[in-house]
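Chemist: Got a predicted structure here, sequence first:
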Amino acid sequence: MTQINELHTQAVQLLQQLISIPSFSREENLTADVIEKYLKEKGIQTHRKMNNIWAWNKHFDVSKPTILLNSHHDTVKPNSGYTRDPFDAKIADGKLYGLGSNDAGGCLVSLIHVFLYFYNKEGMKYNFCLATTAEEEISGVNGLELIIPELGHLDFGIVGEPTLMQLAVAERGLMVLDCVAHGKAGHAAREEGENAIYKAVKDIEWFRTFRFPKESEEFGPVKMSVTIINAGSQHNVVPASCTYTVDVRVTDAYRNEEVLEIIRQHVTSDVTPRSIRLKPSKIDKNHPIVQAGIALGRTTYGSPTTSDQSLLDIPSLKVGPGDSARSHTADEFIYVDEIREGIDLYIKMLESIL
């Protein structure tokens, strides 16, 4: 227990240091420096690409499966509602305040110290890969996605995000679709042309009413919402094109590519996804790490928020100290005891499968 207490104390101190340094997405170089230095001072060989730092356990064995421990050190910018200095990492009434304390600083420092706990151990069934990454808040291409090819074979991952240490076993994916319905221009008074708006309306009605055959146990159906529409230039001209945008929340019942193909089969509009990177994710409830959490009294659920899970092609569990409801709020905080509980539960879950 003494070792856990020491890890907790060190984790809180590291988080206070990280909070004090602005680390907005794409501007995380100084917090990356701190993490890199911290791990090196612990005798760990680190690797770095841009503002991403990663490391493997001391007795890494290529013949064994590997667990990814991942969380991010970038933050959003503080909103106007702050009454405290967002970079003043003070503890008051058991709360550690500061920008990024809850999302996802508490998870980050907890996973770092869980990695330290297991770093020197021999005879484990799994290897560990720690990845502290950038650009999560903007789903950027220079965060976790940038270094995945460097991490080697990974068997499953724990992604640190504030979940009150409950088990997010699924996460929605996201596609934003830019759609264009094509018609033919003409004079409105002479009933000329082919009205692109009417064509768009037919497709939009399909988006509104279509129900995908497969549904997710956690989320139910795929959700599609038309959110923007534009057409026409003047009142007496039949528009030749109508553009609209569709927000698609893909569940773990489908891959993004499958949903896109089904959409294209049913609408006449041109459909162009801005990206299919942000994939839905899922881990089987019978997976050993999920069962380990359930045995410790944790509950499972589907997470409505997007994280770096969406960039992984391996089973992953989103779990961490802190509360998602506090993320991006003014005067953000995490309870100091939540970090202690996080480290303790992470270790117990992992020890049960190692």
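Modeler: Okay, I see it.

Chemist: gap between the residue nearest the centre of the chain and A168?
Modeler: In the chain, the residue lying closest to the centroid (Cα atoms, centre = their mean) is S307, at 0.6 Å. Taking Cβ to Cβ, to the nearest Å as the measure, S307 falls 9 Å from A168. No exception for glycine: its C-beta is placed from N, CA and C like everyone else's.

Chemist: Show me what the helix or strand of the chain at the bottom of the mean pLDDT ranking is packed against.
Modeler: The least trusted helix or strand in the chain, going by mean pLDDT, DSSP states H and E, turns out to be strand 186-187, with a mean of 82. Helices and strands touching strand 186-187, by 3 or more Cβ pairs under 8 Å, 6 or more residues apart in numbering; DSSP states H and E, are strand 237-238.

Chemist: who touches the strand it packs on?
Modeler: Strand 237-238 is contacted by residues G183, K184, A185, G186, H187, A188, E192, G193, E194, N195 when judged by Cβ atoms under 8 Å, 6 or more residues apart in numbering.

Chemist: Okay, now the sheet partners of the least confident helix or strand of the chain, with direction.
Modeler: strand 237-238 (antiparallel) (DSSP bridges).

Chemist: Report the mean per-residue pLDDT for the strand it pairs with.
Modeler: When pLDDT is averaged along strand 237-238, the result is 93.

Chemist: Return the distance of the helix or strand just after it from the chain's centre.
Modeler: Counting by DSSP states H and E, the next helix or strand C-terminal to strand 237-238 is strand 241-250. Centroid separation between strand 241-250 and its chain, computed with Cα atoms, centre = their mean, to the nearest Å, is 22 Å.

Chemist: returning to that earlier point: narrow the contacts of strand 237-238 to just the buried residues.
Modeler: G183, G186, G193, N195 (16 or more other Cβ atoms under 10 Å).

Chemist: ok, E150 to W56 distance?
Modeler: Following Cβ to Cβ, the distance that separates E150 from W56 is 11 Å.

Chemist: now K125
Modeler: Taken as Cβ to Cβ, the span from K125 to W56 is 15 Å.

Chemist: Which of the two has more residues huddled nearby?
Modeler: Neighbours were counted for K125 and for W56 using other Cβ atoms under 10 Å; W56 has more, 19 against 11.

Chemist: tell me the mean pLDDT over the lengthiest helix in the chain?
Modeler: If you go by DSSP state H, the chain has its longest helix at helix 2-19. Computed over helix 2-19, the mean pLDDT rounds to 94.

Chemist: Just the buried residues of that helix, please?
Modeler: In helix 2-19, counting by 16+ other Cβ under 10 Å, buried: L7, H8, Q10, A11, V12, L14, L15, Q16, L18, I19.

Chemist: Who are the packing partners of it?
Modeler: Against helix 2-19 (3+ Cβ pairs under 8 Å, 6+ apart) you get helix 29-41, strand 95-97, helix 106-119, helix 336-351.

Chemist: How far off centre is the shortest one?
Modeler: This means strand 95-97. For strand 95-97, the distance to the chain centre is 23 Å (Cα atoms, centre = their mean).

Chemist: swap in the third one?
Modeler: Between the mean C-alpha point of helix 106-119 and the mean C-alpha point of its chain there is a distance of 18 Å (Cα atoms, centre = their mean).

Chemist: can you state the direction angle for that helix and helix 29-41?
Modeler: Angle, helix 106-119 to helix 29-41, by axes from the mean of the first three to the mean of the last three Cα atoms, to 10 degrees: 20 degrees.

Chemist: Same check on the last one?
Modeler: Compare the direction of helix 336-351 with that of helix 29-41 by the same axes, to 10 degrees and you get 50 degrees.

Chemist: List the buried residues in helix 336-351.
Modeler: Buried residues in helix 336-351, counting neighbours by 16+ other Cβ under 10 Å, are found at 336, 338-347, 349-350.
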